[in-house]
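A.B. asks: Please find the sequence and the predicted model below.
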Amino acid sequence: MAAETRVQNTPASLDIDITTRCNLRCSYCYHFTSASDTDTDLSTEEWLKFFSELKDCAVKEVCLSGGEPLIRKDLKELINGIHDSRMRFSILSNGTLVTEELADFMKGTGRCNSFQVSIDGAGPESHDIFRGEGSFVKAIAGLKVLRKHQIPATVRVTIHKYNYLHLEEISRLLLEDVGLSSFSTNSAGYVGLCRENKDAVQLNVEEYSFAIAKLLELNKKYNGRISAQAGPLASGKDWVKMQQALDEGKEGFPHCGFLGSCNGVFNKMAVRADGVMIPCVQLPHIELGRINKDSLKDVWLNHSELKRLRERKNTSLRDFSFCSACKFIPYCRGGCPALAYTLTGNENNPSPDACYRTFLNAGGKLPAIS
Amino acid sequence: MELNKMYPIANAMVVFREEFDDWAVLFDPDANKTFGMNPVSSFIWKKLDGKHSRQNILDTLKEECEDVPAEASKHLDDFLSELEKRGLVGFERANQEG
C-alpha cells in the first residue's frame, strides 16, 4: 500500500559543499569527477546572504563539506554567519588543516554539533596509500587538537582493500588510544573518483564477507561503539536480520518491499560549491535551482525532481526485473538512490550495491550469528 | 510576578520552526534543544512579541480558537512559566495594556 507523502515546510538541515577545492585528492573521494566538481567557489557574501535565507526558513543545522572546508580562508566568517542565523553546524574534513586557533574559535561558538575527521588506518601505511603521504600524521594531530579543545570530534573510517585486514588495530587506536566514544565506518562507494579506481580500492566479495564478520565481532567487543549507515557493517547488520527473518518465516519488515531506503529528501537538502541546489551531495547531477536566485522554500516544496525522489518509497521492488522472484523483498528497502544512479543510470532503481541476493550469488557469506 | 501586567516576549535567539500544518518546534541553537509545539502553543508563541499582554493573548485565544477549556487561563500561565524557566521567553513590564 502506498504511504502518504508528508513534507515539512522547509528542510531541517542542509549539507553544503562550501568549497570545491581540497589539499588532498583521495582515490575514492565522492566529490572529484562528480557533477559537484565544478571548479567554482562562491564568495563570502554570497554564502552569508544564503545563510540569512536559511534563518528565515528556520533551518536548524548546516553540514559543511566539500572539498575541504578548512581550505577556505573565510571559514570563521562563514561560521559567524551561521551563528548569527541561529543555526548549528557540523564539518566533514580530512583533519589535516586543523589548527589550535580554529579549534578554539569553534569551541567559542558553542554551536558545533560534530567535526568529522577521516582516518582510514591504524598507521600511515593504509591511510596514506589513498589519501597522500603525510596525511595520516596530520589527521591524527588534527583530531587530538579538536579533542583538546573539547570539540565533539568524530571519525569516519572508509574501508578498502588496504585496511580491511587492520580493523582490530584501527578500532584499538580510535576507541582505546585516542579515546573516542565511538566511530563510524563505510566503504568506498562507486561514486566520484572511486569509479576510476574501483579495482584498487573496493573490496571483492570475499574481502567484504571478512569485513562484515570482523566488524560485527568488534562492534560486539566494543559494546556497539562502531556505527555505520553504509558499507560492510551496515550491510552485515541488515543482512543478518533479513536472513533470520526469512529463516523464521517472519512477515516483512515495516516500510520494506519498496524503494524506501533514503529519507534524506524528507528533511534535508544540499548545495554544491557553485551554489546549485541539489537533493543530496551524492546526487549532484540533479540541479534544482540556484541559491540567492531561487527560493529555497519554493524549491523544497514544489520542485518536480524532489517530488519524484519522495515518491520512490511508493515504488514496489516487485516492479523491477532486478528483484524478480527475490525472497528477500519483504525485508528489503532497495538501497541508496545515489549508488543506484551511478551503478544503473537511474536513481529510481534498486541499488545492486546493497543487494543481499547479489552478495550471496557472488559467493558472499555472513558469519554464524548466535 | 503579576502575569497580567507583563508583556511576554520570545527569546530572539530561539528558532520557531513550523513543520507540518500548525504543528511546530522551538529550537534553541545554543542549548541544542528542541521542544514540540502543538497548534495552540504555536498560536500563543506567535503572540509573544512584547506587544501582547498575557490577558490580551488569552482573550485572542478565546476569540479565535474553538473549544477553549475553562482552565485555559491557568494553562496559559503554566505554559508561559515553563517557557520562562527554559529561557525561551522573558517578560517586559509596560504601562499600557496591549
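C.D. replies: All right, it came through fine.
A.B. asks: CA only for contacts and neighbour counts going forward, please
C.D. replies: Noted.
A.B. asks: to the chain's geometric centre, what's the distance from the longest helix seen in chain B?
C.D. replies: When secondary structure is assigned using DSSP state H, the longest helix within chain B turns out to be helix B:72-85. The chain centroid and the centroid of helix B:72-85 are separated by 8 Å under Cα atoms, centre = their mean, to the nearest Å.
A.B. asks: Show me what residue of the stretch 1-150 of chain A gets nearest to chain B.
C.D. replies: For the stretch 1-150 of chain A, the residue positioned closest to chain B under Cα to the nearest Cα is A:Gln8, at a distance of 4.7 Å.
A.B. asks: give me every residue that touches that residue.
C.D. replies: A:Gln8 sits next to A:Phe266, A:Asn267, B:Glu19, B:Phe20 when contact means Cα atoms under 8 Å, 6 or more residues apart in numbering or on different chains.
A.B. asks: for chain B, which spans come out with low pLDDT?
C.D. replies: For chain B, the stretches flagged by pLDDT under 70 are B:1-5, B:94-98.
A.B. asks: if you set the cut-off to 50 instead, what comes out?
C.D. replies: B:96-98 (pLDDT under 50).
A.B. asks: Which residues of it lie near chain A?
C.D. replies: B:Met13, B:Val14, B:Val15, B:Phe16, B:Arg17, B:Glu18, B:Glu19, B:Phe20, B:Phe27, B:Pro29, B:Asp30, B:Asn32 (Cα under 8 Å from any Cα of the partner chain).
A.B. asks: same thing but at 6 Å, please
C.D. replies: By the criterion of Cα under 6 Å from any Cα of the partner chain, the positions of chain B lying close to chain A are B:Arg17, B:Glu19, B:Phe20, B:Pro29.
A.B. asks: For stretch A:271-291, which outside residues touch it?
C.D. replies: Contacts of stretch A:271-291 from elsewhere in the structure, counted by Cα atoms under 6 Å, 6 or more residues apart in numbering or on different chains, are A:16-20, A:35-36, A:40-42, A:269-270, A:338.
A.B. asks: Taking these, tell me the two that lie furthest apart.
C.D. replies: Greatest spatial distance in the contacts of stretch A:271-291: A:Leu42 and A:Ala338, 25.0 Å, computed using Cα to Cα.
A.B. asks: Counting neighbours, go ahead and name the busier of those two.
C.D. replies: A:Ala338 (25 against 14; other Cα atoms under 10 Å in any protein chain shown).
A.B. asks: And that one, how far from A:Ile16?
C.D. replies: Remark: distance between A:Ala338 and A:Ile16 (Cα to Cα, to the nearest Å) = 17 Å.
A.B. asks: could you pull out the strands for chain B?
C.D. replies: B:6-10, B:15-20, B:23-28, B:33-37, B:89-93 (DSSP state E).
A.B. asks: any chance of those strands in TSV, with mean neighbour count too?
C.D. replies: Conversion of the strands of chain B to TSV gives the following (neighbours: other Cα atoms under 10 Å in any protein chain shown):
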stretch	mean neighbour count
strand B:6-10	23
strand B:15-20	20
strand B:23-28	20
strand B:33-37	14
strand B:89-93	18
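A.B. asks: nearest to A:Phe322, of those strands?
C.D. replies: Nearest to A:Phe322, of all those, is strand B:15-20, at 36.5 Å by Cα to Cα.
A.B. asks: Give me the sheet partners of the closest one and which way each runs.
C.D. replies: Here strand B:15-20 has these sheet partners by DSSP bridges: strand B:23-28 (antiparallel).
A.B. asks: tilt between the partner strand and strand B:33-37?
C.D. replies: Interaxial angle, strand B:23-28 versus strand B:33-37 (axes from the mean of the first three to the mean of the last three Cα atoms, to 10 degrees): 160 degrees.
A.B. asks: just how off-centre is strand B:23-28 within its chain?
C.D. replies: Using Cα atoms, centre = their mean, the mean C-alpha position of strand B:23-28 is found 12 Å from that of the whole chain.
A.B. asks: and what of stretch A:180-194?
C.D. replies: With Cα atoms, centre = their mean as the basis, stretch A:180-194 stands 7 Å off its chain's centre.
A.B. asks: so how many other residues sit close to A:Asn113?
C.D. replies: For A:Asn113, the neighbour count with other Cα under 10 Å is 17.
A.B. asks: got TSV for the contacts of stretch A:271-291, with secondary structure and distance to A:Leu317 too?
C.D. replies: Formatted as TSV, the entries for the contacts of stretch A:271-291 read as follows, by DSSP: H, G, I helix; E, B strand; the rest coil; distance: Cα to Cα, whole Å:
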residue	secondary structure	distance to A:Leu317
A:Ile16	strand	32
A:Asp17	strand	32
A:Ile18	coil	36
A:Thr19	coil	37
A:Thr20	coil	36
A:Ala35	coil	28
A:Ser36	coil	30
A:Thr40	coil	39
A:Asp41	coil	40
A:Leu42	coil	41
A:Met269	strand	25
A:Ala270	strand	27
A:Ala338	helix	17
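A.B. asks: wait, which of those residues is closest to A:Ala234?
C.D. replies: When the contacts of stretch A:271-291 are ranked by distance to A:Ala234 (Cα to Cα), A:Ala338 comes first, at 16.5 Å.
A.B. asks: Any figure for the gap between that closest one and chain B?
C.D. replies: Remark: distance between A:Ala338 and chain B (Cα to the nearest Cα, to the nearest Å) = 27 Å.
A.B. asks: How confident was the prediction at that residue?
C.D. replies: According to the model's per-residue confidence, A:Ala338 sits at a pLDDT of 94.
A.B. asks: now do A:Ala2
C.D. replies: What the model reports as pLDDT for A:Ala2 is 52.
A.B. asks: If you check chain B against chain A, which residue is the closest one?
C.D. replies: Chain A sits closest to B:Glu19 of chain B, with a gap of 4.7 Å, by Cα to the nearest Cα.
A.B. asks: ok now do that residue, which residues does it touch?
C.D. replies: With Cα under 6 Å, 6+ apart, B:Glu19 has these contacts: A:Gln8, A:Asn9.
A.B. asks: Equivalent analysis for the one 10 residues further on, please.
C.D. replies: Listed by Cα under 6 Å, 6+ apart, the contact set of B:Pro29 reads A:Met87.
A.B. asks: switch the cut-off to 8 Å
C.D. replies: B:Pro29 is in contact with A:Lys60, A:Arg86, A:Met87, A:Arg88, A:Arg111, B:Met13, B:Val14, B:Val15, counting by Cα under 8 Å, 6+ apart.
A.B. asks: Which pLDDT value does the model give the nearest residue to A:Thr33 once chain neighbours are set aside?
C.D. replies: By the measure of Cα to Cα, 6 or more residues apart in numbering or on different chains, the closest residue to A:Thr33 outside its immediate chain neighbours is A:Gly192, 5.3 Å from it. The confidence metric pLDDT takes the value 94 at A:Gly192.
A.B. asks: Quick check: which element contains A:Gly192?
C.D. replies: For A:Gly192, there is no enclosing helix or strand under DSSP states H and E.
A.B. asks: how close does it sit to chain B?
C.D. replies: When distance is defined by Cα to the nearest Cα, A:Gly192 is 34 Å away from chain B.
A.B. asks: And that residue, its phi and psi?
C.D. replies: Its backbone dihedrals place A:Gly192 at phi 50, psi -140, with angles given as degrees, to the nearest 10.
A.B. asks: Test my guess that it contacts A:Ser36.
C.D. replies: No: the pair A:Gly192 and A:Ser36 fails to qualify as a contact (Cα atoms under 8 Å) at a distance of 9.1 Å.
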